[in-house]
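Peer 1: Sequence first, predicted coordinates after that:
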Amino acid sequence: MIDILIADNQFTDAVKELKKIEKQVYDAWSYIGVYKRYAQIGEDAKAEKIIKKAIKKNSHNPELLAVYSTHLMRHNKLDEAKKLSEELRGTKYGSIYSEAVLKTAKRDSTDDSGAYFKDSKYYSIYLDAYRGSKNPIWVRNCALFNLKDGLFENAAALLPLSYADADDAYFWGLVLYDAGKYYEAIDAIEASRSFLNDYPDSANRKLYNVSAVKQIALESDAYVAVSEMEKAESRRQEIITKLDSFEKLSQEDEALLSMIVINSAVFARNQYEDDSCADLLFYAVNRWPDNVDSLILYSDFAYNSNLERPESIEIKNLRENGISSLSMEAYDNRRKIPMSDALYRLDKALERTKDPSLSIARLDLKYKMDASFTVKNKTADLWLEMEKNYTEEQKYQSLLVQYMLSFLLKTNQKEDAKELFQKYISTVYKFDQKQDFWEQTERSLRTMDLRIAEFAAWFATDLKLYDEAIRLYEYCVYESGGVLYQGIVSPAVSTISCMNLADIYFSTGKKDKALELYGKAAGRESSNYIRSEIFYRIACVYASTGDKKNALRSTEYATLLYPDNARASLLKEKLQQ
């Protein structure tokens with residue numbers, strides 16, 4: 001009846017009826033009903049009086065507290081609202097307290113930048129604001145507090161029910177990726193792409209900070225993390241096939257685009273698609289002349305493309321008779337990059353950037369090109385480089401040490417390599433000579449360069465210190481990426497280290513763990529040569545358990561991936577007998 005009076009603008013009669021009803025009100029919802037109608041017709045004093053009376057009768061009723069707190073805020077009585085609504089924290093009405101706190105903080109602050117809202121004390125305030133409003137922007141604030149503290153899983157656990165827009169979905173893709181939830185990250189990125197696709201013209205797309213380049217870079221990395229290399233490349237190809245359209249990018253997008261191109265070049269190289277690899281590398285070194293990764297890959301391609309493979313007597317006879325097979329023609333017509341061009345680009349980039357990685361690449365190329373350099377000459381030259389750069393920045397030392405260690409081990413100078421490694425690591429990490437070397441190495445892992453940690457694990461294995469080796473390798477393989485979630489392999493660790501740890505598992509009787517890690521290593525590797533070797537080792541594990549069927553299947557896959565894998569072929573023949 002009162003609602004009809006209000007609808008007919010008979011406010012005086014409505015007030016009379018409300019006064020009569022006030023005497024009959026007994027429960028919270030009835031009080032709220034009367035309050036609502038007083039407020040509707042502008043009788044704020046009467047509305048406040050009735051709601052205050054209700055709270056006196058039931059001072060802890062959340063609905064009454066929520067209504068009165070909102071009333072107070074509407075009338076700019078923020079301090080009263082904040083005090084009254086504090087009891088609502090953590091309830092379904094917690095967003096009202098959040099609003100009071102945030103408005104009070106903004107009123108009282110002299111800082112126009114809003115920096116005070118970054119204080120972690122606002123965590124629960126933002127969480128309540130999200131619960132009440134369902135606006136995912138609020139819960140992003142909570143996730144940022146967790147991310148700042150390295151609590152990636154806690155941040156991912158805050159994933160909202162829906163996304164606000166393309167930027168919001170991309171943000172959660174990043175969070176989920178860092179938490180090791182790669183498939184969920186892919187779903188979030190797909191949602192972000194869907195938002196962006198709703199705006200086909202570039203003008204409207206500029207409404208968002210996220211771009212197609214950012215989305216593809218993250219999604220392809222997520223696919224790599226779950227060992228789906230082909231899907232990762234298919235996503236990258238969405239960018240690669242229209243590279244000419246990506247102009248005037250932001251600095252961040254330009255850097256991400258270079259990574260996409262380089263990763264596609266590596267994928268093409270590992271699939272022996274030399275033409276595609278060469279095209280992508282040529283594009284990369286021209287668009288980004290100082291990009292270290294592209295220059296190193298370009299130099300490697302130049303060197304390998306100019307190598308001449310040894311030919312069998314049969315092929316030599318065919319050539320002498322002017323005959324060429326299809327495979328011979330394909331080899332003769334392979335893409336080549338001139339070594340002089342690779343050297344020129346390296347030298348010019350070195351002049352501009354003085355990057356230590358390019359120095360190492362230039363040194364490596366010098367050794368490869370000059371056949372007169374013997375192992376002895378190279379060793380002496382490297383020791384001179386070590387002495388010359390002893391006082392240079394630590395990054396250069398680390399790269400040079402890594403290169404020197406690899407060279408010494410490849411040339412069977414194991415003792416010198418071990419001495420260099422122990423001296424370097426003891427100096428850099430300030431080891432106490434009175435304490436155990438390997439215990440100190442384990443304690444220093446968190447601050448250690450990953451490649452140096454991998455060398456540490458290799459030397460421990462070589463010394464037959466298997467407990468230490470397992471600990472070091474498990475850090476490199478599972479912990480170095482910062483994600484400790486269901487045995488996820490760190491994206492940065494080398495496949496060789498994964499294989500070495502699996503070898504140790506196998507040799508110490510942990511065959512199931514060995515098979516699991518071999519499988520993960522095979523899935524993350526795009527080189528068919530290395531994948532073939534992994535499946536050969538998987539076959540060895542199965543053969544040792546008497547599982548001939550799976551062993552044979554693994555050898556078949558190994559030889560299919562790389563037909564020249566002699567050990568896999570021999571094991572396959574043995575199993576077939």
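Peer 2: Perfect, thanks for sending it. Residues are numbered from 1 along each chain as shown.
Peer 1: Wait, residue 159 touches residue 184, no?
Peer 2: Yes: at 7.5 Å, residue 159 counts as touching residue 184 under the criterion of Cβ atoms under 8 Å. C-beta: built from backbone N, CA, C; applies to glycine.
Peer 1: Need the residues touching each of the two.
Peer 2: Both residue 159 and residue 184 are in contact with residue 176, where contact means Cβ atoms under 8 Å, 6 or more residues apart in numbering.
Peer 1: From residue 533, how far off is residue 521?
Peer 2: Distance, residue 521 to residue 533, using Cβ to Cβ, to the nearest Å: 10 Å.
Peer 1: Name the helix or strand for residue 162, please.
Peer 2: Assigned by DSSP states H and E, residue 162 belongs to neither a helix nor a strand.
Peer 1: Confidence-wise, which helix or strand of this structure is lowest on average?
Peer 2: In the chain, the helix or strand scored least confidently by mean pLDDT, DSSP states H and E is helix 202-205, which has a mean of 56.
Peer 1: quick one: low-confidence parts of the stretch 201-350 of the chain?
Peer 2: 201-206, 309, 311, 328, 331-332 (pLDDT under 70).
Peer 1: Let me see the ranges of the helices in it.
Peer 2: If DSSP state H, counting those that start in this stretch is used as the criterion, the helices of the stretch 201-350 of the chain fall at 202-205, 212-225, 229-240, 251-270, 274-287, 292-305, 313-320, 326-332, 339-353.
Peer 1: tell me the most buried of those?
Peer 2: Ranked by mean neighbour count, those are led by helix 212-225 with a mean of 23 (mean count of other Cβ atoms under 10 Å).
Peer 1: To residue 150, which of the helices of the stretch 201-350 of the chain lies closest?
Peer 2: Ranking the helices of the stretch 201-350 of the chain by their distance to residue 150 (criterion: Cβ to Cβ) puts helix 212-225 first, at 18.6 Å.
Peer 1: mind saving the C-alpha coords of that closest one as CSV?
Peer 2: What follows is helix 212-225 as a C-alpha-only set of coordinates in CSV (Å, rounded to 0.1, in the frame of the first residue of the first chain):
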residue,chain,number,x,y,z
ALA,A,212,49.0,-9.9,-29.8
VAL,A,213,52.8,-10.1,-29.5
LYS,A,214,52.6,-10.3,-25.7
GLN,A,215,49.8,-12.9,-25.8
ILE,A,216,51.6,-15.2,-28.3
ALA,A,217,54.9,-14.9,-26.5
LEU,A,218,53.4,-16.0,-23.2
GLU,A,219,51.1,-18.7,-24.7
SER,A,220,53.9,-20.3,-26.7
ASP,A,221,56.2,-20.3,-23.6
ALA,A,222,53.4,-22.0,-21.7
TYR,A,223,53.1,-24.7,-24.4
VAL,A,224,56.9,-25.2,-24.2
ALA,A,225,56.6,-25.6,-20.4
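Peer 1: Show residues contacting it.
Peer 2: Residues contacting helix 212-225 (Cβ under 8 Å, 6+ apart): 170, 173-174, 177, 180, 182-183, 185-186, 189-190, 192-193, 196, 229, 231-233, 235-236, 238-239, 246, 249, 252-253, 256-257, 259-260, 263, 488, 491, 524.
Peer 1: got the contact list for residue 279?
Peer 2: Per Cβ under 8 Å, 6+ apart, neighbours of residue 279: none.
Peer 1: what's the answer for residue 232, then?
Peer 2: Residue 232 touches 220-221, 223-224, 263, 267, counting by Cβ under 8 Å, 6+ apart.
Peer 1: how close does it get to residue 224?
Peer 2: When residue 232 is compared with residue 224 (using Cβ to Cβ), they lie 5 Å apart.
Peer 1: again with residue 301
Peer 2: 21 Å.
Peer 1: shaky segments in this structure?
Peer 2: 199-206, 309, 311, 328, 331-332, 389-396, 483-486.
Peer 1: Quickly list what's touching both of residue 521 and residue 533.
Peer 2: With Cβ under 8 Å, 6+ apart as the test, residue 521 and residue 533 both reach residue 499.
Peer 1: if you count what's nearby, which of the two comes out ahead?
Peer 2: residue 521 (28 against 23; other Cβ atoms under 10 Å).
Peer 1: Phi and psi next, for that one.
Peer 2: phi -60, psi -40 (degrees, to the nearest 10).
Peer 1: check contacts around it.
Peer 2: 489, 495, 498-499, 502, 534.
Peer 1: separation between it and residue 426?
Peer 2: 31 Å.
Peer 1: One more: residue 121?
Peer 2: 44 Å.
Peer 1: More neighbours: which of these two?
Peer 2: residue 426 (15 against 9).
Peer 1: secondary structure class for the more buried one?
Peer 2: helix (DSSP: H, G, I helix; E, B strand; the rest coil).
Peer 1: hang on, isn't it packed against residue 438?
Peer 2: No: look at residue 426 against residue 438 with Cβ under 8 Å: they stay out of range, at 11.7 Å.
Peer 1: neighbours around residue 446, how many?
Peer 2: By other Cβ under 10 Å, 11 other residues sit near residue 446.
Peer 1: contacting residues around it?
Peer 2: No contacts exist for residue 446 under Cβ under 8 Å, 6+ apart.
Peer 1: Isn't residue 514 up against residue 499?
Peer 2: No: Residue 514 is beyond contact range of residue 499, at 9.9 Å (criterion: Cβ under 8 Å).
Peer 1: Compare the two (neighbour count), which wins?
Peer 2: Neighbour count, other Cβ under 10 Å: between residue 514 and residue 499, residue 514 has more, with 24 against 21.
Peer 1: Where does the more buried one fall, secondary structure wise?
Peer 2: Per DSSP H and E: helix 511-524 holds residue 514.
Peer 1: ok, and for stretch 417-430, which residues are buried?
Peer 2: Residues of stretch 417-430 classed as buried: 417-418, 420-421, 424-425, 428 (neighbour count, 16 or more other Cβ atoms under 10 Å).
Peer 1: Restrict it to CA atoms and write it as CSV.
Peer 2: Only the C-alpha atoms of stretch 417-430 are listed here, as CSV (Å, rounded to 0.1, in the frame of the first residue of the first chain):
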residue,chain,number,x,y,z
ALA,A,417,88.6,-28.4,-15.4
LYS,A,418,87.9,-29.6,-11.9
GLU,A,419,90.6,-27.3,-10.4
LEU,A,420,89.3,-24.3,-12.3
PHE,A,421,85.8,-25.0,-11.2
GLN,A,422,86.6,-25.4,-7.5
LYS,A,423,88.9,-22.3,-7.5
TYR,A,424,86.3,-20.2,-9.3
ILE,A,425,83.3,-21.2,-7.1
SER,A,426,85.3,-20.9,-3.9
THR,A,427,86.4,-17.4,-4.8
VAL,A,428,83.1,-16.0,-6.0
TYR,A,429,81.0,-17.4,-3.2
LYS,A,430,83.7,-16.9,-0.5
